[in-house]
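Novice: predicted model, plus sequence, below.
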Amino acid sequence: MNDETLNEAAVAAAWDRNAALWTEEVRSGFDFYRELYTLPAFLDFMPSIAGQQVIDLGCGEGSNTRRFAQRGGIMTGIDLSPEMIKRARQTEAEEPLGIAYELGSFSKLSPFDDEQFDCAVSTMALMDGPDFPSAMREACRVLKPGGSLCFSVLHPCFITPALQWLTDEEGSYQGLRVGRYFERTPFIERWRFGRRPQTAKLVAYDEPFEVPRFPLTLSDYVNAVSEAGLRIVKMEEPRPREELAREHAWLNRWYQHAPLVLFISAVKA
């Protein structure tokens, strides 16, 4: 993939390539950051959605969408990747929760009417699209008056292109170095779930994930939300739970030094 030609087509193609292995590992519980840190914190942060019409922006293979449905939301998911949507629909067919999945962009919610939803949610997806302001305008359009938007992204102040952990001679984490914060050039991050059990047998081809990233600053996020016609009511920079930080050094570094993620909740005026 060419880092210089990153657009929605490239994002869709990347996640199509990632889909088989990503689905296998996520559903096996190998995304430990999600399982132990970011998703539990988000579920505590988000408003009640019981009985509400909810759209999940960037739903991927549907694991989080299903968790929202289990909390009573009447869920619709949308994602750019045909392979991800195929897997989400397969699981819905096997274990129905009443979820509808649409193939498309969260920056162009053309399948949906104005004021169709009570709530829009998104977990760790909006930083992976090339047009965040359009995503916010579209979210506002499809929300009913008084409807809520709640999303999580990698924290833009700390997850920068020049991120590096600083350690002492014993390997203990002393802090986080960030750099190139104002750089907005898209790039491709290649990585794997590092704490997957080494004995895990993989069905999918074992290659690094390729994830297009579209860096934004904190003000880019905040201004795009407000300029779309949404009023921010709450922000949070969650820490891992203290007991988990004591148990896992890789969580303790985030507990001690910096937040990995940023949560924003807003309402449509």
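Specialist: The structure has been received and is ready for your questions.
Novice: I'd say residue 36 and residue 244 touch.
Specialist: Yes - using CB atoms under 8 Å, residue 36 makes contact with residue 244 at a distance of 5.6 Å. C-beta here means a position set from N, CA and C on the backbone, and glycine is covered the same way.
Novice: quickly list what's touching both of those two.
Specialist: residue 251 (CB atoms under 8 Å, 6 or more residues apart in numbering).
Novice: quick one, which of those two is more surrounded?
Specialist: When residue 36 and residue 244 are compared for neighbours, residue 36 comes out ahead with 20 against 16, by other CB atoms under 10 Å.
Novice: wait, is the more buried one part of a helix?
Specialist: Yes - assigned with DSSP: H, G, I helix; E, B strand; the rest coil, residue 36 falls within a helix.
Novice: start the count at 17 instead of 1 going forward.
Specialist: In the new numbering, first residue 17, that becomes residue 52.
Novice: residues in contact with it?
Specialist: If a contact means CB under 8 Å, 6+ apart, then residue 52 has 256, 260, 264, 267 as its contacts.
Novice: all helices for this protein, in order.
Specialist: Ranges of helices within the chain are 24-43, 48-49, 55-61, 79-86, 98-110, 148-158, 234-243, 258-263, 265-272, based on DSSP state H.
Novice: just to revisit the earlier point, now the contacts of residue 52 as TSV including distance to residue 38 and pLDDT?
Specialist: Output for those, formatted as TSV (distance: CB to CB, whole Å; pLDDT from 0 to 100):
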residue	distance to residue 38	pLDDT
256	23	98
260	24	97
264	22	95
267	22	97
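Novice: out of these, grab the one that's most surrounded.
Specialist: Neighbour count (other CB under 10 Å) singles out residue 256 as the most crowded of these, with 25 neighbours.
Novice: I'd guessed it sits against residue 267; true?
Specialist: Yes - between residue 256 and residue 267 there is a contact under CB under 8 Å: 4.2 Å.
Novice: residue nearest the centroid of this protein?
Specialist: Central residue of the chain (CA atoms, centre = their mean): residue 140, 1.1 Å from the mean position.
Novice: so what's it closest to, chain neighbours aside?
Specialist: Spatial nearest neighbour of residue 140, excluding adjacent residues (CB to CB, 6 or more residues apart in numbering): residue 168 at 5.6 Å.
Novice: ok, that neighbour - contacts?
Specialist: Residues in contact with residue 168 (CB under 8 Å, 6+ apart) are 54, 58, 138, 139, 140, 277, 278, 279.
Novice: flag the shaky bits of the stretch 117-266 of the chain, pLDDT-wise.
Specialist: Counting by pLDDT under 70, the stretch 117-266 of the chain contains low-confidence residues at 214-221.
Novice: sorry, back to before: gap between the residue nearest to residue 140 and residue 102?
Specialist: Distance, residue 168 to residue 102, by CB to CB, to the nearest Å: 25 Å.
Novice: between the helices of the chain, which one is closest to residue 116.
Specialist: helix 98-110 (8.3 Å; CB to CB).
Novice: buried stuff in that closest one?
Specialist: Of the residues in helix 98-110, those with enough neighbours to count as buried (16 or more other CB atoms under 10 Å) are 99, 100, 101, 103, 104, 105, 107, 108.
Novice: what's the closest of those residues to residue 179?
Specialist: Nearest to residue 179 out of those is residue 100 (CB to CB; 26.4 Å).
Novice: do you know the pLDDT at that closest one?
Specialist: pLDDT, residue 100: 98.
Novice: contact partners for it?
Specialist: 31, 32, 35, 38, 39, 75, 76, 77, 78.
Novice: now swap in residue 281 and tell me
Specialist: Counting by CB under 8 Å, 6+ apart, residue 281 has contacts 61, 62, 63, 164, 165, 166, 248, 249, 250, 251.
Novice: mind redoing it with 6 Å?
Specialist: 166, 249, 250 (CB atoms under 6 Å, 6 or more residues apart in numbering).
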